[in-house]
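A.B. asks: got a structure for you, letters missing:
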């Protein structure tokens, strides 16, 4: 009976050691993948979240300023009695369909 307990203890120790080894291997692989991804992403020249938020705020500010300037120009044109120009519509592209299929050589 004593020998069976020792065998079970040895098997449990081996399983525990194998589990610890696999955990260490998992951590090492995760670290290598993380390093590889970081080097790959740094080569893509991506912006950080902070840089993106700053650029987005600058664009929103510029858009607000543009709207204010458009309103101001419209008010000045109204004071001067100038009619604002009518926006021209883009010409529709002509259809490229042919009435006959192209001749085969």
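C.D. replies: Yep, it's here. Since the structure is predicted, the reported quantities are computational estimates derived from the model, not experimental observations. Residues are numbered from 1 along each chain as shown.

A.B. asks: going forward, measure contacts and count neighbours with C-alpha atoms only.
C.D. replies: Will do.

A.B. asks: now the helix or strand harbouring residue 5: average pLDDT?
C.D. replies: Assigned by DSSP states H and E, residue 5 belongs to helix 2-43. Across helix 2-43, pLDDT averages out at 87.

A.B. asks: right, and the helix or strand after it?
C.D. replies: In N-to-C order, the element after helix 2-43 by DSSP H and E is helix 49-80.

A.B. asks: for the most centrally placed residue in the chain, give its distance to residue 39.
C.D. replies: The residue lying closest to the centre of the chain (CA atoms, centre = their mean) is residue 46, at 8.7 Å. To residue 39, residue 46 is 12 Å away according to CA to CA, to the nearest Å.

A.B. asks: do residue 27 as well
C.D. replies: Distance from residue 27 to residue 39, counting by CA to CA: 18 Å.

A.B. asks: equivalent analysis for residue 7, please.
C.D. replies: For residue 7 relative to residue 39 (CA to CA), the value is 48 Å.

A.B. asks: roughly how far apart are residue 63 and residue 70?
C.D. replies: For residue 63, the distance to residue 70 - CA to CA - is 11 Å.

A.B. asks: go on, residue 41?
C.D. replies: Residue 41 is 41 Å from residue 70, by CA to CA.

A.B. asks: next: residue 86.
C.D. replies: Per CA to CA, residue 86 is found 15 Å from residue 70.

A.B. asks: more crowded one of these two?
C.D. replies: residue 70 (12 against 6; other CA atoms under 10 Å).

A.B. asks: mind listing what that one touches?
C.D. replies: If you count contacts by CA atoms under 8 Å, 6 or more residues apart in numbering, residue 70 has none.
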